[in-house]
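how would this look folded up:
(chains A, B and C)
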Amino acid sequence: MTVELGHAALIMALCLAIIQAVVPMIGSFSGHTSWMRLGHSMAVGQFVFVALSFACLATAFVQDDFSVAYVANNSNTLLPLHFKLSAVWGAHEGSLLLWSLILSGWSTAVALCSGKLPLVLSARVLSVLGAISVGFALFLLFTSNPFDRVLPIPPLEGSDLNPLLQDFGLIVHPPMLYMGYVGFSVPFAFAIAALIGGQFDSAWARWSRPWINVAWVFLTIGISLGSWWAYYELGWGGWWFWDPVENASFMPWLAGTALMHSISASEKRGVFRSWTLLLAILTFSLSLLGTFLVRSGVLTSVHAFASDPERGIFILAFLGIVVGGSLLLFALRGPTMRSVTTYSGWSRETMLLINNVLLVSSMAMILIGTLYPLLADVLGMGKISVGPPYFNFFFVPLMSGLMVCLGFAGFTRWKNTEGRALLKKGVLPSIISLVLALVLPIFMMDKLTWSNYSLTAVITLLLVLWVVTMSLEDLWLKSRGKLSSLSSLSGSYWGMLIAHIGLAVCALGVGLSTAYDAQKDLRMVPGDTTELGGYQFQFVDVKRIEGPNFIAYRGNVEVRSGGEFVVSLSPEKRNYKSGGQVMTEADIDGQLHRDLYVSLGEPLGDQAWAIRFQVKPFVRCIWLGSLLIGLGGLLAAFDKRYRRRRLQKSVNSSSEGLAFE
Amino acid sequence: MMLRLPIGLALVLAATVLLGSENLVQFSDESLRIRYQALITELRCPKCQNQNLADSNSPISQDLREEVQRMLEQQMTDVEIKYHLTSRYSEFILYRPDVNKTTYLLWGSPVVILLIGLIVALRLNRRNTVQVVSSGKTQIDNESRLAELLESGEDEK
Amino acid sequence: MNRIALFLPLALFVVLTVVLLLGLDKDPTELPSALVGEPFPVFSLPALHDANQMLDEQDLLGDVVLVNIWATWCFACRIEHAMLNQLEEQGVKVIGLNYKDNREAAIDWLKKRGDPYTFSIFDERGRLGIDLGVYGAPETYLLDAGGTIRHRRVGVVDDRVWNNEFRDLYAQLMDEKR
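Down below sits the predicted model:
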C-alpha cells in the first residue's frame, strides 16, 4: 500500500511540476500576477509530494518489502538499519528520486526566499526549475520507476546492497554531491530567466551569487567526501582515480569555480556578462552530462550504475532539450553589446579572466580526456584508454599556473592595478617561499644524497608557500597589522582568503603525499616485522570474526616508532554472506603529517598473508584543504551585504520589477 | 626523528635489513621494483571496469603482473614491455595513450584551448585599455547605474 | 561580442550530442583483438588427454579451425558447450584450449558433456592465453588453413553469434582452402 502511495505521490508531483513550469511563464508574459504567483505554491507542493514518495520508498526498505524490485535488488534482511535507509539512494532508481527530491527542495528554497525578487523574475526562475523537475519525474516514471513490483512471486530475501556501498560514505556522499549538482540548477534558472527577460544588469548577477556559492560549497564537500571514501574503502590507498564518474563531478566543480569568480566581476563591474551567463548554463549542463555519462553505460567506470540504452536515450534527449534549448536562447538573446565598463593592466578583471581561462581549460581537458575513448570508438579508430597519466600531465601545470596567479588575488583592484606595485608586493613572499621550499625538503631526507632530494616537494612547497605568504601579506596590509581591524574585514574577504589557503593546503597534501609516498607488498607470517618510512610494523596474527552480514579475517598489526608503541591496526578481509563478495577493509591511522595504511591481501598458505603497508605523508591535508575551501565558500555566501541589501531592495523592488518586463 | 623516507631509500632499506618478512614480488635487482610499480599503475586491466593492474585483484591482472615481472627480469625495456602487451591486448591497456595520428586531437586540444583562451583574454584587456581613454562618458553612466543598484561603496577588500 | 560567436557553444554542443548518440550503440567493455590478421602465436603445450603429447602451432595448420578457450570454472562455457557439440556434428573442426584449469576436472567435464574438440591444448599457467590476448573465458578464434587468425569472439558463441559473425566467413575460408 505504501508503495502505491509513493508511486501516486510521484505522479502528483509530476502534475504540479507541469503547472509550475507552464503557468508562471505564461503569466510573466501576460502580466497575470496570480498566474505568476502560482509557481511558488506549486514548488512547495511538489516538494511535499516528492518527499512523501521518498518516505514511502524508505519505508519499503525498512519493512523489507521485497515485492518491490528495487528493494529486492538493493537490500537484505541482514542489512543494518542505517544502511537500509541509505540504500534508498544506493542504485540508479532511488538516487534519481533523491535527485528529484533535492531539486524540488532547491525550488522550494527559491520560492521561499524570493520575496524580495521582482515577481516576473522569480516566476520565470521557478518555471525553469519546474521544467527540469518535469524532465526528471518523467525519467523516473517511465524508465526508472523505483516502485516497480516483482510479480507474481516476490523473492523471500533481497540480494543485498553492494558491499562497497555499505559504508558511512554512502550515507553522506551522494546527498552532498547531489545538493551541489542540483544546486547549480538555480543559477542556471536565473540565467535563463535573464535571457528571456533580456535584462543583464548587475542585479541578476547579485541575486544568483549566494545560490552559486551555496551549491558550490555542497559540491566541494561532496567531491572531497567521495575522494575520502574511495581512499579508505577501496582498500588500496588511492584517493583520486580520474575515473569517468569522478570526472563527471569534477567538471561542474571547475566550471562552477570559474562562474563564482566571473560573476563577481559581472556584479561589481558589469563586465563579462555573456561569459558569466554561458558559465551558469555550462555548469548545470555539465551536471546533467555527468548524469548521462554515469547512467547510460557509454563509458566504463568502477562506479557506473547498471546501464540501459533506453535510459541513455532518454537522458540524451532531455540533455538535448535543456542544454540545446538554453544555448540556442543564449545565441539568440545573449548580450552582444560589448561591456562598456573598462579595465586595464593587471586589474582584478584581468586576473579573474586568467583564472577563468585556466579553470575552463582544465575543465575542457577533462571533458576531452573523458570522452575521447568514446569519440575514438565512434570514429572507428579503435579502443583506447585515457587515464591518470594523461590527466595529471595537463592538470598539474594548469593548477600550478592558477596558484601563481592566485597569490595576487587579494592585491588586485578593480579597473586597474599597477603591474609594478603588484610585483613589489610579491618580492618578499617569493624570497621567503623560495628559501623555505629549497630548505625544507632537506629535513625530509634520511641521507644527504641528491637522489633523496625531491623536486616534486620543492615545487609543491614553492607554490603552497607562495599562496600562503601572499595571502598573509595581504591580510597584514589590510588590517594594518592591528588585530582589532581584522573583524572589520568583510565575510567575503575572509571567505576568499580561507578558500585560497584551503587550496594551498590541499595542494600540499597532493604534492607531498606523491613525493614521499612509501609502499611495500609483503608476504608475512605472524611474528614477522618490517620497516617502512621510519616505522616498524609487526604482524601479530589473523583472527576470524563475525559481522552482522559478513564473516571476516581480521589481521592485527602493531606499529612502533623507535621502539615506542604507536598504534595497533586491524585490517580486514570481509566475505559478505548474501552475495559472496570479498572486500578489503584497510585500517588507517591518520594524523595530520602522515597516514599509516595497512591492507590485508590474500592468504598464501602456511599461515602466511599478503599485506600491503603504506606510509602517506600529509595525505590528510587533501581533505582538510577541501574542507577549508568549502568553509571559505560558506563565509562568502553568508556575507552580511547580501542580507542587508536584500532588505533595502524590498523598498525599491517595484521599480526594478518594471525593468524586467 | 626524520619525518619520512623517500620511496627509493625505503626500498633499499627493506632489501638490506632482513626482518623475517619477504617481498610478495621478488626481483633479482631492487631497481626493477620501481619500474615494476610504475608500469603496473600505468597499465589497465583488460577485464575490469576501470582499474590498473596494481589495484585489480582479477586473475587476468595477476597473470599480467607476473608477465610484466618476467619481462623485467629478462632485461626488456619499458617500451618493449608495452609493445609486447599492446600487440596482444591492443592499445586499450595503455592508460597513457601514445601520441599518434589517432590521438593528436587528444594531446593537442588542451594546449590549443589554453592558448586561444589566453589570447582572447589578453586582447580583451588591450582593447579595454584603449577604451579607458575613448569612452569616459559611457563609463560614468554605467557606473552611476551600478551605484544605484548596488550602492557600490564597498569593494571586496 | 559578435552574434555569430554566441552560436559557437551551441555548435560545439551539437557535435557532442552526435558523438554521445552514436556512442550509445557501442559496448565499451568489448575489446578488439590485436591479433586478427596475425598468425596464431607460437606455443608448445601438452595435450589435455595425454600429458606426454606435446602440441604446437603446426598442429593447427591445414584446416579451417575454431579455437575455443574454455575451462571448468567458467560458467558461460557450460552454456556454450551445447553449441560447440552441434558445430562439431556439422563438421566444423573445433580445437579446445583448456585455460588455467585442473586436468582431471577438465577430462571429467568432457566425459559428462561430450567432447566437441578434435583435441584440447592444456594451458595450465595461461601462457598461451596471454600471447593470444585472452582476458576471460570463453573466447573463440577462427583460423584459416594457413594458421592466420581471421576472427575473434569474446564471450559465448550461440546460434545468433555464429550466424552473424562466423558462418559466412567460415564458408568463405573453406572455399579459399579448396
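
Against chain A - does whichever helix or strand residue C:22 is part of have any residue that ends up touching it?
Here residue C:22 sits within helix C:8-23, counting by DSSP states H and E. Yes: contact of helix C:8-23 with chain A (CB under 8 Å from any CB of the partner chain) involves C:9-10, C:13-14, C:16-17, C:19-23. From N, CA and C alone the C-beta is placed, and that goes for glycine too.

From those residues, which shows the smallest pLDDT?
Taking pLDDT as the measure, these have their low point at residue C:23 (86).

show me what contacts that residue?
The neighbours of residue C:23, taking CB atoms under 8 Å, 6 or more residues apart in numbering or on different chains as the test, are A:298, A:374-375, A:377-378.

from those residues, which two are the most distant?
Across those, the longest distance by CB to CB is 10.8 Å; it joins A:298 and A:375.

Between these two, which has more neighbouring residues?
residue A:298 (29 against 20; other CB atoms under 10 Å in any protein chain shown).

Checking the more buried one next. Helix, strand or coil?
Three-state call for residue A:298 (DSSP: H, G, I helix; E, B strand; the rest coil): coil.

ok, and the closest non-adjacent residue to it?
residue C:23 (4.5 Å; CB to CB, 6 or more residues apart in numbering or on different chains).

what do you get for residue A:618?
Nearest to residue A:618 is residue A:512, by CB to CB, 6+ apart, at 4.2 Å.

Just read off the phi/psi values of the one you found.
Backbone torsions of residue A:512, given as degrees, to the nearest 10, read phi -70, psi -30.

Model confidence for the residue nearest the centre of chain C, exactly?
Central residue of chain C (CA atoms, centre = their mean): residue C:140, 2.3 Å from the mean position. Looking at residue C:140, its pLDDT is 93.

That one belongs to a helix?
No: in this structure, residue C:140 is strand, not part of a helix, as judged by three-state DSSP.

Quickly list what it is bridged to.
With DSSP bridges as the criterion, residue C:140 is bridged to residue C:68, residue C:153.

from the chain's centre, how far out does the helix or strand bottoming out on mean pLDDT in chain C sit?
One helix or strand of chain C scores below all others by mean pLDDT, DSSP states H and E: helix C:3-6, with a mean of 84. With CA atoms, centre = their mean, to the nearest Å as the basis, helix C:3-6 stands 52 Å off its chain's centre.

Now look at it and say if it contacts chain A.
Yes: Helix C:3-6 lies within reach of chain A by CB under 8 Å from any CB, at C:3, C:6.

how far away is the closest residue to residue B:110 other than its chain neighbours from residue A:348?
Of all residues not flanking residue B:110 in the chain, residue A:365 sits nearest, at 3.9 Å (CB to CB, 6+ apart). Separation of residue A:365 from residue A:348 (CB to CB, to the nearest Å): 26 Å.

and the residue of the stretch 51-200 of chain A found nearest chain C, what element?
Closest residue of the stretch 51-200 of chain A to chain C, CB to the nearest CB: residue A:195 (10.8 Å). Under the criterion DSSP H and E, the helix or strand holding residue A:195 is helix A:185-197.

And for that helix, what's in contact with it?
The contact list for helix A:185-197, computed with CB under 8 Å, 6+ apart, reads A:28, A:103, A:106, A:110, A:120-121, A:124-126, A:128-129, A:132, A:200, A:204, A:207-208, A:211-212, A:215, A:259, A:277, A:280-281, A:283-285, A:287, A:326, A:329-330, A:333-334, A:660-661.

which other helices and strands contact the next helix or strand after that helix?
As assigned by DSSP H and E, the chain's next helix or strand after helix A:185-197 is helix A:202-233. Counting contacts by 3 or more CB pairs under 8 Å, 6 or more residues apart in numbering or on different chains; DSSP states H and E, the secondary-structure elements packed against helix A:202-233 are helix A:168-183, helix A:185-197, helix A:244-269, helix A:273-296, helix A:621-637, helix A:640-659, helix B:136-150.

The same query, at a cut-off of 6 Å, please.
Judged by 3 or more CB pairs under 6 Å, 6 or more residues apart in numbering or on different chains; DSSP states H and E, helix A:202-233 is in contact with helix A:168-183, helix A:185-197, helix A:244-269, helix A:621-637, helix B:136-150.

chain center to the shortest one: distance?
By that I understand helix A:185-197. How far helix A:185-197 lies from its chain's middle: 22 Å, per CA atoms, centre = their mean.

What of the longest one?
Offset of helix A:244-269 from its chain centre (CA atoms, centre = their mean): 11 Å.

what about the strands in chain A?
A:344-345, A:416-417, A:518-524, A:529-532, A:535-546, A:550-561, A:564-569, A:572-576, A:582-585, A:587-591, A:594-605, A:608-617 (DSSP state E).

and the last one with helix A:202-233, angle?
Our comparison of strand A:608-617 with helix A:202-233, counting by axes from the mean of the first three to the mean of the last three CA atoms, to 10 degrees, yields an angle of 150 degrees.

quick check, strand A:608-617 touching chain B?
Yes: applying CB under 6 Å from any CB of the partner chain, one finds strand A:608-617 in contact with chain B at A:610, A:617.

so where is chain A shaky, pLDDT-wise?
Low-confidence segments of chain A (pLDDT under 70): A:301-308, A:336-342, A:641-661.

what domains does the record give for it?
Using automatic domain parsing, the domain parsing of chain A gives A:1-161, A:202-409, A:410-517, A:518-617.

ok so, going back, let's have the helices and strands packed on helix A:202-233 in JSON lines, adding mean neighbour count.
JSON lines is the format used below for the helices and strands packed on helix A:202-233 (neighbours: other CB atoms under 10 Å in any protein chain shown):
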{"stretch": "helix A:168-183", "mean neighbour count": "22"}
{"stretch": "helix A:185-197", "mean neighbour count": "26"}
{"stretch": "helix A:244-269", "mean neighbour count": "25"}
{"stretch": "helix A:621-637", "mean neighbour count": "22"}
{"stretch": "helix B:136-150", "mean neighbour count": "14"}
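
Out of the ones you listed, flag the one nearest residue A:412.
Nearest to residue A:412 among these is helix A:244-269; the distance by CB to CB comes to 11.0 Å.

Which strands or helices does the closest one pack on?
helix A:202-233, helix A:273-296, helix A:348-378.
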